[in-house]
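**Student:** sequence first, predicted model second:
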Amino acid sequence: MSRRDFLRSGHFPTLLAAFLYFDISFMVWVLIGAMGNSIAQDLGLNDAEKGLIVAIPLLGGSLLRLVLGVLTDRIGGRRTGLWGLSLTVLPLLLGWRWADSASHLILVGLLLGIAGASFAVALPLASRWYPPHHQGLAVGIAGAGNSGTALATFFAPLLAAWVGWQGVFGWAIVPVVAVLLLFAWLAKDSPTQPPPQPLRAYARAFLQADTWWFNGFYAVTFGGFVGLASFLSIYFHDQYGLSKIAAGRFTTLCVFAGSFLRPVGGYLSDRWGGHRLLVAVYLGIALVMTLMAFQPPLAAATAILFVGMALLGMGNGAVFQLVPLRFPRQIGVVTGVVGAAGGLGGFFLPTVLGSLKQLTHSFAGGFLLFAVVGGLAAVAMVWKARAWYRQTADQNWSEQSVPRLGPTITIPAASESGLAINDPIPAGVSSRSV
């Protein structure tokens, strides 16, 4: 695969617009987590409350992704993205001029979910422009917008020390408006976007077992990434006594690994198969989180978490190498459903870490629980991949020639599973091979 071939196969301005939209939205989404130490000190929060307050935006994003996923399929990614960016200004204004208590901040956090829901817009917007053999890389590049987390964790603590944490919300409006203008200029809906479907057609996605499998797999990878990204500043501050700014810098270092290796995960999935990469990722997560449960010294913990976030980032790319090809006609809504599950995973992780810290006075229990979840996800991925392989063999479906490291697995597309059978498949999208 050459770079020239990739650039010619799709619409790069839209891919860039999707990345920028996701990047700035992700920055806004995790602002509370990035400023968690300042907020906790100002509002006098305990360990459990710290975990909850930084997790609330993740819950809001999880719920609203379903809405934006449906809108993306019905009115297109460009218009939905313009609405999403415009509405993101509202919680920033409230956080700047109104939020002065934990209850106010909870409402602001829920509304910040509008920014987190950008996932259900940016990925389908980019995906619909690219053929199957470039899906992993295209979606990985758009999804690398989660690097906005690094912007938040690095700059927000610095700004909070200067203008206060409420003032940071006000400053964040400036880049949001700038990206809104760029998005309006660059983004364009793919001509292969399928026509709007009745809402009952979307509901059928929930009847597909594979939807729920993808939900679980993504809850571990994306939920782990965004949950840790929101909580690590608090972890470094409480566990090692770092200053707020230093804790943000250590968090940024770890977040960079997950953000920029997501496209690598998509590329490797295109080459080897997302299911194989995911098995390796989940086993790696189990090992990394087990090591963290032993509460290593700061340098070792930073290196371990760097590797862990890198694995989670590649896992995100691997999951969404599979989703667009499994559900080519319902990319928006299924992306929204799966993304919502990822947000829920992100909500539970800091909540559990904070609650167990409150109960046991240690972070070890939370990391150990995450290690167990990673091991179970690896077993589930192996089992599901074998089921796909058996189903392929039983039905004797044809497949594209894609480089693999072992037996080729094809996943039945939505059209063969009773979903929107009469709708045309978008040009350049395979209904079978993953």
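**Tutor:** Structure received. All of these numbers come straight from a predicted model, not from anything done at the bench.

**Student:** residues near residue 94, how many?
**Tutor:** Neighbour count of residue 94, defined by other C-beta atoms under 10 Å: 18. For glycine as for every other residue, the C-beta is placed from the backbone atoms N, C-alpha and C.

**Student:** state the distance from it to residue 275.
**Tutor:** 43 Å (C-beta to C-beta, to the nearest Å).

**Student:** got it, and residue 112?
**Tutor:** Separation of residue 112 from residue 275 (C-beta to C-beta) stands at 33 Å.

**Student:** mind checking which of those two has more residues around it?
**Tutor:** residue 112 (30 against 24).

**Student:** got the phi and psi for the more buried one?
**Tutor:** Backbone torsions of residue 112, given as degrees, to the nearest 10, read phi -60, psi -20.

**Student:** report the contact partners of it.
**Tutor:** Taking C-beta atoms under 8 Å, 6 or more residues apart in numbering as the contact definition, residue 112 lies against 28, 29, 31, 32, 57, 60, 61, 88, 91, 95.

**Student:** any low-confidence regions in the stretch 1-150 of the chain?
**Tutor:** Along the stretch 1-150 of the chain, the parts satisfying pLDDT under 70 run over 1-9, 132-133, 135-136.

**Student:** quick one: the strands in it?
**Tutor:** Under the criterion DSSP state E, counting those that start in this stretch, the stretch 1-150 of the chain contains no strands.

**Student:** so where do the helices sit in it?
**Tutor:** Taking DSSP state H, counting those that start in this stretch to define them, one finds helices in the stretch 1-150 of the chain at 3-9, 12-29, 31-34, 36-43, 47-75, 77-97, 102-111, 113-116, 119-127, 135-143, 148-163.

**Student:** filter the contacts of residue 112 down to the buried ones and hand me the ChimeraX line.
**Tutor:** In ChimeraX syntax, the buried subset of these is picked out as below (16 or more other C-beta atoms under 10 Å):
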select :28,29,31,32,57,60,61,88,91,95
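
**Student:** now the two most distant members of the contacts of residue 112.
**Tutor:** Greatest spatial distance among the contacts of residue 112 (C-beta to C-beta): 61 and 95, at 15.5 Å.

**Student:** chain neighbours aside, what residue packs nearest to the most centrally placed residue in the chain?
**Tutor:** Nearest to the mean C-alpha position of the chain, counting by C-alpha atoms, centre = their mean, stands residue 222 at 4.6 Å. The shortest distance from residue 222 to any non-neighbouring residue, by C-beta to C-beta, 6 or more residues apart in numbering, is to residue 342 (3.3 Å).

**Student:** that neighbour contacts residue 224, doesn't it?
**Tutor:** No: at 9.1 Å, residue 342 does not count as touching residue 224 under the criterion of C-beta atoms under 8 Å.

**Student:** and residue 355, how many residues sit next to it?
**Tutor:** As a burial measure, residue 355 scores 18 neighbours (other C-beta under 10 Å).

**Student:** what's the closest non-adjacent residue to it?
**Tutor:** Of all residues not flanking residue 355 in the chain, residue 48 sits nearest, at 4.8 Å (C-beta to C-beta, 6+ apart).

**Student:** residues in contact with that neighbour?
**Tutor:** Applying C-beta under 8 Å, 6+ apart, we find residue 48 in contact with 354, 355, 357, 358.

**Student:** ranking by neighbours, what's the top pick from those?
**Tutor:** residue 354 leads those on contacts (other C-beta under 10 Å) with 28 neighbours.

**Student:** what's the closest non-adjacent residue to it?
**Tutor:** Spatial nearest neighbour of residue 354, excluding adjacent residues (C-beta to C-beta, 6+ apart): residue 51 at 1.9 Å.
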